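Participant: Show me the folded form of this:
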Amino acid sequence: MHLYFQKIQFKSSVKNLSKSEQLDLSKKNIKLTNFCYDIFHELENESYANLFSEKNIKNKVIKHPMDLFTINLKLENNQYKNLKEFEKDIRLMFRNCYTYNDVKSKEYCSGEKLESIFNEKWNEKIILQDRQTRELRRTRE
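Facilitator: Residues are numbered from 1 along each chain as shown. Here you go, the predicted structure:
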């Protein structure tokens, strides 16, 4: 698998906010992080997920590397500001897999299986979240 780990600098973006604003932001981050972790753990628990977290340096250089290890670090450090950022990194990992591996390789086929699982879990969680949001709005009205 042609995926590289990359070191990431973590910076706090919570400047000059009141304590209540920080608490609000913290609650949103917890929900976002939990949502993403649920999906991440589904992927991580697959037997072939190790292909997407190992550091294997090959002849090809990936312009924008992404792997499960890096995604996990970003989750642990609350770097994702929204679901689109998380989804973008997951999809980048799969795009890299398809771009830098032969169609008949174990990595490519495993990427397809893992992406299928991601799509299923992602859609389930998005639909559930949307439904819960609508129900919450109705009870508030």
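Participant: the strands in the protein, which residues?
Facilitator: Counting by DSSP state E, the chain has no strands at all.
Participant: Quick check: which ranges of it have low pLDDT?
Facilitator: Within the chain, the segments meeting pLDDT under 70 span 1-29, 53-60, 141.
Participant: tell me the centre residue of it?
Facilitator: residue 86 (4.0 Å; C-alpha atoms, centre = their mean).
Participant: So that residue versus residue 121, what's the distance?
Facilitator: Separation of residue 86 from residue 121 (C-beta to C-beta, to the nearest Å) stands at 12 Å. Yep, even glycine has a C-beta here, placed from its N, CA and C like the rest.
Participant: Between those two, which contacts overlap?
Facilitator: residue 39 (C-beta atoms under 8 Å, 6 or more residues apart in numbering).
Participant: mind checking how far residue 71 is from residue 88?
Facilitator: 10 Å.
Participant: What's the local residue count around residue 62?
Facilitator: 18 (other C-beta atoms under 10 Å).
Participant: hang on, the earlier thing: residue 71 and residue 88 - which one has more neighbours?
Facilitator: residue 71 (23 against 13).
Participant: Now the more buried one: closest residue in space that isn't a chain neighbour?
Facilitator: residue 89 (5.3 Å; C-beta to C-beta, 6 or more residues apart in numbering).
Participant: Cheers, nothing more for now.
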